[in-house]
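Asks: Can you look at this prediction? I've put the sequence above it.
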Amino acid sequence: MQLIILDRDGVINYDSDDYIKSVDEWIALPGALDAIARLSRAGWTVAVATNQSGLARGYYTVPVLESMHQVLRDAVQQRGGHLGLITYCPHGPDDHCSCRKPLPGLLEQVAQHYQTPLDGVWFVGDSLRDLQAAVAVNAQPVLVCTGKGELTRAQAVPSNTLIFADLSAVADQLLS
């Protein structure tokens, strides 16, 4: 199985420090949906692992989040692709869960769902938390410079981190 795991906010859609709280606020980044569809059409399984602490903070509800994810799925399908499992952490930073990145819980859920090890699987994110979660499960950390990626790039990132301009460039690399 060719598996790639993506963070959501800042990788697939625009991020906001005020949180993405509605379907109307969920806006895909240029080229991101096409990148997912291209990977899917080429045989890749594309999964998503995303922290969604806005749930714990009461900014939106699970049905609203699921509606955002349905918009994402529909948009990928309209481009001839398929989006696989979407896992999310509904907890806040002080909830002491095992799923909130940088902890590995979300990625472990993906591994369990697909019954596959994550050694070397690309995990694409825009934050240090994403990269640290990848390292925790021996996945390949991949940083995109969209979202908070440029700020993250200026930090000390794991030494084996691959860096790309955006999700489209990641797809180009994997499909070349």
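Replies: Thanks, I have it.
Asks: Quick one: the helices in the chain, in order.
Replies: Assigned by DSSP state H, the helices in the chain fall at 32-41, 62-78, 105-114, 128-136, 149-153, 167-175.
Asks: Kindly provide the distance from residue 166 to residue 173.
Replies: To residue 173, residue 166 is 11 Å away according to CB to CB, to the nearest Å. C-beta coordinates here come from the backbone N, C-alpha and C atoms, glycine included.
Asks: who's more crowded, the two?
Replies: Taking neighbours as other CB atoms under 10 Å, residue 166 and residue 173 compare with residue 166 leading, 21 against 12.
Asks: Grab the nearest non-local neighbour of the more buried one.
Replies: Of all residues not flanking residue 166 in the chain, residue 146 sits nearest, at 4.9 Å (CB to CB, 6 or more residues apart in numbering).
Asks: and that neighbour, what is it in contact with?
Replies: 10-11, 29, 126, 165-167 (CB atoms under 8 Å, 6 or more residues apart in numbering).
Asks: cool, and residue 154?
Replies: By CB under 8 Å, 6+ apart, no residues touch residue 154.
Asks: give me every residue that touches the nearest residue to residue 149 once chain neighbours are set aside.
Replies: Take residue 149 and drop its neighbours on the chain: the residue closest to it by CB to CB, 6+ apart is residue 126, 4.1 Å away. Residue 126 is in contact with 7, 9-11, 15, 143-149, 152, counting by CB under 8 Å, 6+ apart.
Asks: And for residue 174?
Replies: Residues in contact with residue 174 (CB under 8 Å, 6+ apart) are 4, 39, 42, 44, 122.
Asks: which pair in these spans the largest distance?
Replies: 42 and 122 (13.9 Å; CB to CB).
Asks: Of the two, give the one with the bigger neighbour count.
Replies: Per other CB under 10 Å, whichever of residue 42 and residue 122 has more neighbours is residue 122, with 20 against 12.
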